[in-house]
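K.L.:
requesting a structural model of the entry that follows:
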Amino acid sequence: MRLAEPVHSYGARGRRYVLAAAGPIGVAATNFFLSFSMLRLDTPDAFGVFSFLFVAALFTIALSAALFGAPMQAHHADPAVDRTMMVAAVAAAAVVGAAIAGPAFALLGGLLGLTPVAALCYGAFAMLTILRCLGRAWCYAVERPWAVTLSDASYAVVTLCAFAGLSLVGAAPERAVYPALALGTAAAVVSMGARFAAMLRRPRWAALRGYGAIWQSQSRWSLLGVTATEATANAHIYLLTLLAGPATVAPVAASALLLRPINVIQNALIEYERPQIGRFLSAGAVNEVVRSVRLFRAVLLIIWAGTVALASAIMLLRPTLIFPPSYDLIIVRLGVALWAGVSLVILLQVPLNVLLQAGGEFRPLARASVVAAAVSVGGVLIAIALAAPTWTIAAIGLGWLASMAVVASAARDFRRRRLRNPAITVAA
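P.N.:
Purely as a prediction, here's the structure:
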């Protein structure tokens, strides 16, 4: 089988990563500005509600990746699959999922005190996020990465302009942020092009039956995995809000703010690298798989080091640039340090996660996520009962360590069965 693209040098691959990261950097900057505005201009309680709702809406990204994005990219690289029918089935399922998510998230916003208009805009943001994630996966699968970059740029520009415009006419931050997010995400979906828009406007409902096979083979395990991963990553947000109130979330969410770009860029690179590795696996290009895993990890480590260095400089030299006087800087500094450690543990296993996803190995990933969730949720409950809220971050880190152990074992088994190459290890 011929490779979907020629084998590139490390320099060419580096340029490919720059293209993949360019849009998400703008997205990360936009989301940082919104969070920063809520942190500086509103009360800790309002910032806590925003942090909870924003995390909940971003969970739709993980759901979309599990149910639609990862299966589409994995099957798209498989020459035995009818790609037209597969894409139609996944797109129809995504439209159904988005239609369900919109009202559900609007109701959640209303229950947490948003005005009716803000709640509806929040629901639209969640619904459109699902469609945007589907579009990103489809664009990468059909090798249109420039469309993803344009979509990210559209989100950044429209969201910032809408937020600024609403603020200038006197809207309070909590009334401006949700309409801005909805408008920006709508622009991101539209900018993916006429082919994708037609796919959403005229879903092939007859193809929806074909999603059952995708569900049985991959999506159900992916869904279990991302649900457990969400419990691992954000148990502290949900449990603190439920058990202690939104205000207790504020210092924890504030300390994560400086390190959020790591996660955004990491997720973008995952979307870009997964179909590439899938094509290399289908072509039997073992050396290219090895190089991809190594380079992917190296790029993630560089991003982590740069972000942590910048965050450390801010916390040591001018923390008041970011955090209002009402926040205890000792607690915030501890939170930043703990988040740096957690993010390092996460990104060390990300390339192996992508390798297993590209190879269709969703069951061991689900098992790793379930183990991690059990450790994290238990640890968070203990931390809430016995310590300060900030220490819930350490409990999250323990869950990710448990996940890494399971993923490393699964990757070694995958290497023996599919690649027969000892270079693909945790240290690769």
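K.L.:
could I get the contacting residues of the most centrally placed residue in the chain?
P.N.:
By Cα atoms, centre = their mean, the chain has its centre lying nearest to residue 267, at 5.0 Å. By Cβ atoms under 8 Å, 6 or more residues apart in numbering, residue 267 lies in contact with 24, 61. Placement of C-beta: from N, CA and C, glycine included.
K.L.:
what strand or helix carries it?
P.N.:
Residue 267 belongs to helix 260-283 when assigned by DSSP states H and E.
K.L.:
gap between that helix and the chain center?
P.N.:
12 Å (Cα atoms, centre = their mean, to the nearest Å).
K.L.:
pLDDT below threshold where in the stretch 1-150 of the chain?
P.N.:
Judged against pLDDT under 70, the low-scoring parts of the stretch 1-150 of the chain cover residues 1-22, 42, 73-83.
K.L.:
any chance you could map the helices in it?
P.N.:
Using DSSP state H, counting those that start in this stretch, the helices of the stretch 1-150 of the chain run over 10-41, 44-64, 70-76, 83-111, 116-141, 145-168.
K.L.:
need those helices in CSV with distance to residue 347 and mean neighbour count, can you?
P.N.:
Below are those laid out as CSV (distance: least, Cβ to Cβ, whole Å; neighbours: other Cβ atoms under 10 Å):
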stretch, distance to residue 347, mean neighbour count
helix 10-41, 14, 18
helix 44-64, 16, 22
helix 70-76, 18, 26
helix 83-111, 27, 19
helix 116-141, 20, 24
helix 145-168, 20, 19
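K.L.:
which one of these lies nearest to residue 295?
P.N.:
helix 10-41 (5.7 Å; Cβ to Cβ).
K.L.:
ok, residue 190 touching residue 154?
P.N.:
Yes - Residue 190 lies in contact with residue 154 (Cβ atoms under 8 Å); the separation is 7.5 Å.
K.L.:
who touches both of these two?
P.N.:
Joint contacts of residue 190 and residue 154 (Cβ under 8 Å, 6+ apart) do not exist.
K.L.:
can you name the secondary structure element that comes next after the helix holding residue 267?
P.N.:
Downstream of helix 260-283, the next assigned helix or strand under DSSP H and E is helix 286-317.
K.L.:
average pLDDT across that following helix?
P.N.:
Mean pLDDT, helix 286-317: 89.
K.L.:
so which elements touch the helix or strand following it?
P.N.:
Once the chain leaves helix 286-317, the next helix or strand it forms, by DSSP H and E, is helix 329-358. Helix 329-358 sits against helix 70-76, helix 249-257, helix 260-283, helix 286-317, helix 362-386, helix 392-414, with contacts defined as 3 or more Cβ pairs under 8 Å, 6 or more residues apart in numbering; DSSP states H and E.
K.L.:
report the rounded mean pLDDT for helix 329-358.
P.N.:
Here helix 329-358 scores 90 as its mean pLDDT.
K.L.:
now do stretch 155-162
P.N.:
Mean predicted confidence for stretch 155-162 is 95.
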